[in-house]
Every structure is written in C-alpha cells, then in structure tokens.
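> structure, please.
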Amino acid sequence: MTRPEISHATSEESSLPCLVCHGTVGASRLPGLLQCRRCGFITTDLTLSHAELASLYGRDYFEGHIYSSYLGEEVGLRRNFRKRLEDLKRLLPDPARCSLFEVGCAYGFFLADAQSLFARVTGMDISEHAIRMAIQRFHLDVRCGDFLQMPETSRYDVLCLWDTVEHLARPDLFIQKAARVLQPNGWLALTTGDIGSLNARLRGAQWRLIHPPYHLHYFSRKTMTALLERCGFEVVQVRYPAVYRSLRMMLYLGCNLRQERNARLISLLDRWSFLDREVPFNLFDLMFVVARKKDGPHLDSRGHDPVG
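Residues are numbered from 1 along each chain as shown. As a prediction, the model looks like this:
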C-alpha cells in the first residue's frame with residue numbers, strides 16, 4: 001500500500017493559517033512540525049486528501065502495522081470505553097432517551113457497549129475494513145465515509161471522537177459540523193494527546209504520540225479549549241485518566257515493533273500468553289475532554305461566524 005511521503009517543515013512560514021486561531025504558522029523546535037506564533041498550536045506540514053487518508057487505514061493498520069492486533073486489544077479497549085460511558089451517563093439525565101454518534105468508530109467496540117445505554121447509536125469511519133468488521137461482528141448502524149460530507153438531516157445528543165481528532169485533516173471543520181448536528185445543549189466528548197503535558201515536553205521529538213502521517217495535529221489543553229470555544233462549545237471537563245493496555249501492546253509500541261520488520265520476534269512474543277494481561281497505564285499526556293454546545297449562533301458550513 002502506497003503511503004504519502006512525510007515532508008519536513010523547513011520554511012520560516014506556512015501559507016496556511018492556524019486552524020485554531022487563524023494566526024501565522026511557522027517552523028517549530030520539533031522536526032517536521034509547525035507551530036502557530038500566536039496560540040502555540042502544533043501541526044504537521046502535511047496536506048492529505050480524503051483518498052490519501054483512507055489509504056492509511058486498511059487492514060494492516062489494525063492488524064500488524066500500528067496495532068499488533070486491534071482485535072487482540074478488545075478487552076482493554078472496551079474496558080476504557082465503558083469507563084467513558086460511565087462519565088457520559090453522569091452528564092445525561094436520561095441516556096435511554098438520547099442518541100449518540102461516534103466519528104472514527106473503528107471496529108465498533110464503543111458503540112457495541114453504548115447501544116445498551118442509549119436509545120440510538122450510530123457512527124462513521126474512513127476505513128472500509130473497520131466498518132466491515134463493525135457490521136459483521138455487532139450489526140451496528142455504521143457507515144464508511146467522510147463525516148464532513150454526511151447530510152445534516154439528523155440531530156444527536158452526544159457526539160464522540162475517541163483518539164480521532166489528531167488523525168483528521170481538518171479537525172476544526174469536524175468540530176464545527178459537530179456543533180451543527182448536535183441538539184441544543186448537546187455534548188461533545190473526545191480524547192487526544194496533550195502536547196503541552198510534562199511527558200510530551202520532556203520527550204520532545206521522541207514523544208510517543210508524534211506519529212505523522214497518522215497523527216497530523218497536536219493539541220494542548222489550551223489550544224483544544226480555544227478551538228472548542230471558537231466552534232460554539234463550553235469545555236466542562238478535562239481529565240487525564242489511566243487507560244488499560246495489554247503488556248503486549250505496550251511492548252509493541254515501546255519497542256516500535258512492526259510486522260514487516262520484526263515478524264520473527266512478534267511470532268515469538270505471540271506465544272507468551274502472560275503478555276495479554278491488561279494493566280492501567282498513565283503518563284498524564286492523554287486528555288479526556290467533554291464540552292457542551294452553547295446556545296446562540298455558531299459557525300456556518302463554511303466555517304464563518306454568521307454574526308461577524
């Protein structure tokens with residue numbers, strides 16, 4: 001599978017404005033990344049089309065390239081999702097009467113658990129492989145496609161982006177659209193890395209979540225809050241909860257193992273069943289953000305403020 005080449009930010013200034021504050025974006029101290037001179041938002045110098053992004057998320061992304069096995073991580077992933085559902089449940093007076101939409105639903109693990117709590121759950125992912133798995137396994141109401149092109153005929157009470165916003169070419173447009181498809185006072189919940197965290201600052205260019213072309217944007221608590229507020233949301237919660245990972249996944253990521261380069265070693269590790277044990281993991285660099293849609297005018301479909 002052909003993947004886009006990763007270029008590096010060598011110019012002093014980018015022609016693209018900052019997607020958080022529309023300020024000037026220039027070179028940063030991190031190789032291959034750009035930084036806004038006004039708000040500090042950090043991004044890559046990559047511009048990928050929808051087709052190029054879709055090409056990144058085939059079967060090998062989930063089974064051997066980024067994850068040793070996404071299916072093999074199901075127990076830990078669903079444990080994390082159930083904790084997030086508990087948080088959402090506390091925000092909603094009657095979830096059984098609410099609808100939920102997930103952008104980046106992957107294999108459908110979160111929606112599979114959410115459907116017992118919400119009246120209606122649905123989702124979307126750019127990966128045809130992931131959507132096939134979600135439908136075959138859980139018979140979910142999910143589709144493959146571009147959320148930005150989805151008709152705005154339905155309204156939802158909750159919209160979720162779990163470890164998704166950093167993968168999007170234009171997260172600002174996704175969040176603007178989220179505001180349009182959410183009910184009044186609806187909820188937006190997301191997780192993403194915090195490049196302003198202590199661990200990220202100590203690790204610098206070696207931070208574990210700097211991973212282009214898969215991770216295109218790097219938010220801090222400050223820049224994520226600023227973007228959400230500009231798009232018509234009020235941030236009500238930012239936390240850094242532990243997540244459960246298998247020992248196998250932590251070893252796989254920590255040693256940067258890849259199927260095409262380390263097939264023999266991975267085959268050996270697959271025989272060690274104790275590596276399947278799920279353990280809590282927290283470097284306090286992954287933020288869980290919950291925001292509420294504010295009443296009043298919001299950005300229109302072109303990203304403009306209708307009141308100026």
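> how far out from the middle of the chain is stretch 142-152?
Mean C-alpha position of stretch 142-152 versus that of the full chain (Cα atoms, centre = their mean, to the nearest Å) differs by 16 Å.
> okay, how far is it across it, tip to tip?
16 Å (Cα to Cα, to the nearest Å).
> pull out the buried residues from that stretch.
Using 16 or more other Cβ atoms under 10 Å as the test for burial, stretch 142-152 gives 142, 144, 147. All C-beta atoms are positioned from the backbone trio N, CA, C, and that covers glycine.
> nearest to His129 among these?
Each of the buried residues of stretch 142-152 was scored against His129 by Cβ to Cβ, and Cys144 proved nearest at 9.0 Å.
> got a list of what the closest one touches?
By Cβ atoms under 8 Å, 6 or more residues apart in numbering, Cys144 lies in contact with 124-128, 131.
> likewise Glu229?
Taking Cβ under 8 Å, 6+ apart, one finds Val235 in contact with Glu229.
> and the one helix or strand it maps to, C-alpha only, in PDB?
Assigned by DSSP states H and E, Glu229 falls within helix 221-230. Output of helix 221-230 as PDB, limited to C-alpha atoms (Å, rounded to 0.1, in the frame of the first residue of the first chain):
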ATOM      1  CA  ARG A 221      -5.200  21.700  26.800                       C
ATOM      2  CA  LYS A 222      -5.100  25.400  25.900                       C
ATOM      3  CA  THR A 223      -5.400  25.000  22.100                       C
ATOM      4  CA  MET A 224      -8.100  22.400  22.300                       C
ATOM      5  CA  THR A 225     -10.100  24.600  24.600                       C
ATOM      6  CA  ALA A 226      -9.600  27.500  22.300                       C
ATOM      7  CA  LEU A 227     -10.800  25.600  19.200                       C
ATOM      8  CA  LEU A 228     -13.900  24.200  21.000                       C
ATOM      9  CA  GLU A 229     -14.900  27.600  22.300                       C
ATOM     10  CA  ARG A 230     -14.500  29.100  18.800                       C
END
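> so which elements touch the helix or strand following it?
The C-terminal neighbour of helix 221-230 among helices and strands, as given by DSSP H and E, is strand 233-239. Secondary-structure packing of strand 233-239 (3 or more Cβ pairs under 8 Å, 6 or more residues apart in numbering; DSSP states H and E): helix 221-230, strand 286-293.
> neighbouring contacts of the last one?
Surrounding strand 286-293, the residues in contact under the criterion Cβ under 8 Å, 6+ apart are 84, 87-88, 91, 179, 182-194, 197, 209, 221, 224, 228, 232-241, 243.
> on that earlier part again, so which bits of the helix holding Glu229 are buried?
221, 223-228, 230.
> which stretches in the chain count as strands?
25-27, 33-36, 42-44, 99-103, 120-125, 142-144, 156-162, 182-193, 217-218, 233-239, 243-246, 278-281, 286-293 (DSSP state E).
> could you dump the ones you listed into CSV and include distance to Arg78 and mean pLDDT?
Putting these into CSV (distance: least, Cβ to Cβ, whole Å; pLDDT from 0 to 100) gives the following:
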stretch, distance to Arg78, mean pLDDT
strand 25-27, 38, 95
strand 33-36, 33, 97
strand 42-44, 31, 97
strand 99-103, 14, 98
strand 120-125, 14, 98
strand 142-144, 16, 98
strand 156-162, 12, 98
strand 182-193, 15, 97
strand 217-218, 27, 98
strand 233-239, 20, 97
strand 243-246, 9, 80
strand 278-281, 10, 81
strand 286-293, 16, 98
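> ok, of the contacts of Cys144, which come out buried?
Buried subset of the contacts of Cys144 (neighbour count, 16+ other Cβ under 10 Å): 124-127, 131.
> farthest-separated two in the residues you listed?
Greatest spacing in these, by Cβ to Cβ: Met124 and Ser127 (10.2 Å).
> coming back round to it: out of the buried ones among the contacts of Cys144, who's nearest Gly32?
Ile126 (22.7 Å).
> rewinding a little: can I get the contacts of Cys144 in a markdown table including distance to Phe109?
A markdown table is the format used below for the contacts of Cys144 (distance: Cβ to Cβ, whole Å):
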| residue | distance to Phe109 |
| --- | --- |
| Met124 | 15 |
| Asp125 | 12 |
| Ile126 | 17 |
| Ser127 | 14 |
| Glu128 | 18 |
| Ile131 | 13 |
